[in-house]
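Undergrad: Provided below are the primary sequence and the corresponding predicted coordinates.
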2 protein chains.
Amino acid sequence: MREVAVIGIGQTRVYEHWDRSLRELAGDALIMALMDANISYIDALFAGNMLSGAANRQQQIGSYIADWVGLKQTEGVRLEAACSSGAAAFRSAIMAVASGDVDSALALGVEKMTDSPPAEITKGLSTAADADWEADQGLSFVALNALIMQRYMHEYGWKHEDFAGFSINAHANAVNNPYARFRKAISREEFIKATIVSEPINIMDASPIGDGAAAAVIVPLENAHRFTNRRIIKVIASSAATDTIAVHSRKDPLWLSAAEKSAHAAYQQAGIPPKQIDLFELHDAFTIMAALSLEACGFAERGKALVLAIEGKIAVSGEIPICCMGGLKARGHPVGATGLYQLVEVVQQLRHEAGKNQIDKARIGMAQNIGGSGSNIITHILKHV
Amino acid sequence: MREVAVIGIGQTRVYEHWDRSLRELAGDALIMALMDANISYIDALFAGNMLSGAANRQQQIGSYIADWVGLKQTEGVRLEAACSSGAAAFRSAIMAVASGDVDSALALGVEKMTDSPPAEITKGLSTAADADWEADQGLSFVALNALIMQRYMHEYGWKHEDFAGFSINAHANAVNNPYARFRKAISREEFIKATIVSEPINIMDASPIGDGAAAAVIVPLENAHRFTNRRIIKVIASSAATDTIAVHSRKDPLWLSAAEKSAHAAYQQAGIPPKQIDLFELHDAFTIMAALSLEACGFAERGKALVLAIEGKIAVSGEIPICCMGGLKARGHPVGATGLYQLVEVVQQLRHEAGKNQIDKARIGMAQNIGGSGSNIITHILKHV
């Protein structure tokens, strides 16, 4: 298996892009990544997307986007794994280049959600749950996460306000990210008084959907220096695992077993323990998911992740910085694109191009993308070489 | 890049399976493939599917199916490239094993189309065309193919009845395939007098949709003998290419440039000319597509593919047998599953397990799966070793 590196990144702002279509957003991020990589052609395009069929009446977006940007005849395919579609595309690009079958690949994540009525989007998002046993019973994704959060509070004795730190940190970091949807800090009081969506989840626990695209160019590590004089970012681990599709099928709904499996496989591939990770772009679709992810990946004991938020250890200057550019909560969550945003942000940090949010001496970064209620979890670890 | 082999195959009949759900069909084919391979666990599942979001209100079917069959925590992802989703899943499985990242993979194609009203399915299928410039203008896939067929007849002087041989051959072969949807031979007269769908395409030119699943187990070639005493089927070529998404963007709508590119790349990888191919499972979604595929892949001169059908050279006993188990026309076309059916059928032939339709001394077989109006074309060549 040959080693691979990321040599180019691109992203659009996560926003309500009423003036940009699905393909325009995808093209913007893709071309930015090619220019950043100083490369004009790639062998294969892996496009992560969840909802283009329902929200944009457009599938087959591998061909669709290759055609749009003028990548004539380039191989193109779509990867779908609900909200983990972005990381799935990145992992496919890695395996394609690692196999030697292609010499360059572009991983793209794109989602255009604001062209459809919100009810259609809620219905579309529910296709990530079990159609028969969850969605058809009226359980939306917020409701599923609310049940999990309620159980977490009951089991470990936390109050809702104890989750505030996750949201405050994400919003504070987004202020300095020009690509973030919400560039506005929030106070503890704003968190506590926010409108309830599904008890106990309020709008400050929940990430906003949005339109956006992010992209990364992947080549064999040995060729990377031919293209760029920038810091070369090597992929040192890539791992994916699944869990039951329905939350009720799990022995322990408070344990993300697929996060544990994919993260620990990643640590083994990278040959490092969690404490060597300089930043962790986790999947804070809801504050409860940030907590469960930190626990399953070994950054906190079971039931104790909130301590990291309360003690400020998740800040850019803390022990284990998370959501450094705003996370899903404040950068925004264009579902099938999110996994690529996380990876692009890790690359920014490892290149030391993260501006005011730069982590001092960042060398190793991890990104973890979650699909469904923890049913598909993909972990990557990147390192500057 | 390590070499890979197919060691197990499985398929359900293509039919209107009112008593089987999406996951049940997928599970049936998947477990049959695992049993055929004499293997009880695989590292990764690649599921090709086009319409589960629209037709079954279910996405994230990588996790969904892994969960259903009890492949606990197994990596699982969905590949979507319209009607070429099946071959896209197979190609991903190949690259995953070739890269060394996983040691076994299962490629699955599944589609459950009869749970939704036909109008919804037509709308769903139209998401493979350009949403803005084709589908929204009322152009269905049949209509797009009718325009291409009309042009072909105009350009080269063929009559509609000259296409009869493709349909007659497919139906004749399906009689002996227990997994085929239509196990009934048709006459030349039945072809000519069939009901028009979209002039000049009639129902004997057009393949039927259906419910079905097919699967293949892929492992490194060097390990294949550990599992099976059967003939080992090596993947000697895998290649994908795209074309413009909209037909009107092509300089020559009668030339499948992505078929030409992927087939010729495949010949190069395999180190063989087309004439060494013993059978060719092509994508006869419409009779015109069978003709264009034969021409672009080098089996006939431009405008001359119909001669092969008229002279019987496409029969099982002919020079270049196609649709040996019924093709899309008579085995059926469960869109995202079709690419896997083609590959499973090639394996049957190369193992010499094709029953009454067995091609004498078959050694090398090719499968080509087409997405959209030729906008995504994936070619594989397999060989028994």
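TA: Yes, it's here.
Undergrad: then the helix or strand A:R23 falls within to CSV, C-alphas only?
TA: Element membership for A:R23 (DSSP states H and E) is helix A:22-37. C-alpha atoms of helix A:22-37 as CSV (Å, rounded to 0.1, in the frame of the first residue of the first chain):
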residue,chain,number,x,y,z
LEU,A,22,-25.2,22.3,-6.4
ARG,A,23,-22.7,22.1,-9.3
GLU,A,24,-21.5,25.7,-8.9
LEU,A,25,-20.7,25.2,-5.2
ALA,A,26,-19.0,21.9,-6.0
GLY,A,27,-17.0,23.5,-8.8
ASP,A,28,-15.9,26.4,-6.6
ALA,A,29,-14.4,24.1,-3.9
LEU,A,30,-13.0,21.7,-6.5
ILE,A,31,-11.2,24.3,-8.6
MET,A,32,-9.9,26.0,-5.4
ALA,A,33,-8.4,22.7,-4.3
LEU,A,34,-6.8,22.1,-7.8
MET,A,35,-5.3,25.6,-7.8
ASP,A,36,-4.1,25.2,-4.2
ALA,A,37,-2.4,21.9,-5.3
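Undergrad: from the middle of its chain, how far away would it be?
TA: The chain centre lies 18 Å from the centre of helix A:22-37; the measure is C-alpha atoms, centre = their mean, to the nearest Å.
Undergrad: which residues sit against it?
TA: A:7-12, A:17, A:20, A:40, A:42, A:45, A:47, A:52, A:56, A:58, A:61, A:64-65, A:68-69, A:106, A:108, A:110, A:112, A:211-217, A:219, A:227-228, A:340 (C-beta atoms under 8 Å, 6 or more residues apart in numbering or on different chains). (C-beta placed from N, C-alpha, C; glycine too.)
Undergrad: Take the residues you listed and keep only those in strands.
TA: Mapping the contacts of helix A:22-37 onto strands (DSSP state E) picks out A:7-11, A:45, A:47, A:106, A:108, A:110, A:212-217, A:219.
Undergrad: now the contacts of helix A:22-37: which count as buried?
TA: Among the contacts of helix A:22-37, those classed as buried by 16 or more other C-beta atoms under 10 Å in any protein chain shown are A:7-12, A:17, A:20, A:42, A:45, A:47, A:52, A:56, A:58, A:61, A:64-65, A:68-69, A:106, A:108, A:110, A:112, A:211-217, A:219, A:227-228, A:340.
Undergrad: out of those, who's near chain B?
TA: Applying C-beta under 8 Å from any C-beta of the partner chain, the subset of the buried ones among the contacts of helix A:22-37 adjacent to chain B comprises A:52, A:56, A:58, A:64, A:68.
Undergrad: Just want the angle from the helix or strand encompassing A:I94 to strand A:212-220.
TA: For A:I94, the element it lies in under DSSP H and E is helix A:85-99. Relative orientation of helix A:85-99 and strand A:212-220, computed by axes from the mean of the first three to the mean of the last three C-alpha atoms, to 10 degrees: 10 degrees.
Undergrad: For A:G48, list the residues it contacts.
TA: Contacts of A:G48 (C-beta under 8 Å, 6+ apart): A:78-81, A:85-90, A:107-110, A:336-337, A:339-340.
Undergrad: Could you list the buried residues of stretch A:188-195?
TA: Applying 16+ other C-beta under 10 Å to stretch A:188-195 flags A:191, A:194 as buried.
Undergrad: Now that stretch - C-alpha only, CSV.
TA: Presented in CSV, the C-alpha positions along stretch A:188-195 are these (Å, rounded to 0.1, in the frame of the first residue of the first chain):
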residue,chain,number,x,y,z
ARG,A,188,-23.4,30.8,28.5
GLU,A,189,-26.7,32.6,29.1
GLU,A,190,-27.6,32.5,25.4
PHE,A,191,-26.9,28.8,25.4
ILE,A,192,-29.1,28.2,28.5
LYS,A,193,-32.1,30.3,27.3
ALA,A,194,-32.1,29.1,23.7
THR,A,195,-35.3,27.8,22.1
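Undergrad: Quick check: mean pLDDT of that stretch?
TA: Here stretch A:188-195 scores 98 as its mean pLDDT.
Undergrad: Run through who's touching it.
TA: So stretch A:188-195 is contacted by A:160-161, A:163-164, A:167-168, A:202-205 (C-beta under 8 Å, 6+ apart).
Undergrad: gap between stretch A:49-69 and the chain center?
TA: Remark: stretch A:49-69 is offset 19 Å from the chain centroid, using C-alpha atoms, centre = their mean.
Undergrad: I meant to write stretch A:329-349 there.
TA: Taking mean C-alpha positions (C-alpha atoms, centre = their mean), stretch A:329-349 and its chain are 5 Å apart.
Undergrad: With distance to A:L279 and pLDDT as added columns, please give the ones next to chain B among the buried ones among the contacts of helix A:22-37 in TSV.
TA: Below are those laid out as TSV (distance: C-beta to C-beta, whole Å; pLDDT from 0 to 100):
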residue	distance to A:L279	pLDDT
A:S52	30	97
A:N56	33	95
A:Q58	35	97
A:Y64	34	98
A:W68	33	98
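Undergrad: quick one: buried residues of the lowest-mean-pLDDT helix or strand in chain A?
TA: Every helix and strand in chain A was compared by mean pLDDT, DSSP states H and E; the lowest is helix A:118-125, with a mean of 91. Neighbour-count burial for helix A:118-125 flags A:121, A:124-125 (criterion: 16+ other C-beta under 10 Å).
Undergrad: Repeat that for stretch A:195-202.
TA: Neighbour-count burial for stretch A:195-202 [16+ other C-beta under 10 Å]: A:197-198, A:200-202.
Undergrad: Could you export these to TSV, including columns for distance to chain B and secondary structure?
TA: Output for these, formatted as TSV (distance: C-beta to the nearest C-beta, whole Å; DSSP: H, G, I helix; E, B strand; the rest coil):
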residue	distance to chain B	secondary structure
A:V197	22	strand
A:S198	20	strand
A:P200	26	coil
A:I201	21	strand
A:N202	26	strand
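Undergrad: of those, closest to B:N177?
TA: A:S198 (50.7 Å; C-beta to C-beta).
Undergrad: Ramachandran coordinates for A:E222?
TA: In terms of degrees, to the nearest 10, the main-chain angles of A:E222 are phi -60, psi -20.
Undergrad: contacting residues around it?
TA: A:2-3.
Undergrad: quick one: it from A:G100, how far?
TA: 12 Å (C-beta to C-beta, to the nearest Å).
Undergrad: anything in contact with each of those two?
TA: A:R2.
Undergrad: number of nearby residues for A:G326?
TA: Using other C-beta atoms under 10 Å in any protein chain shown, A:G326 has 29 neighbouring residues.
Undergrad: nope, A:R226 is what I meant
TA: 11.
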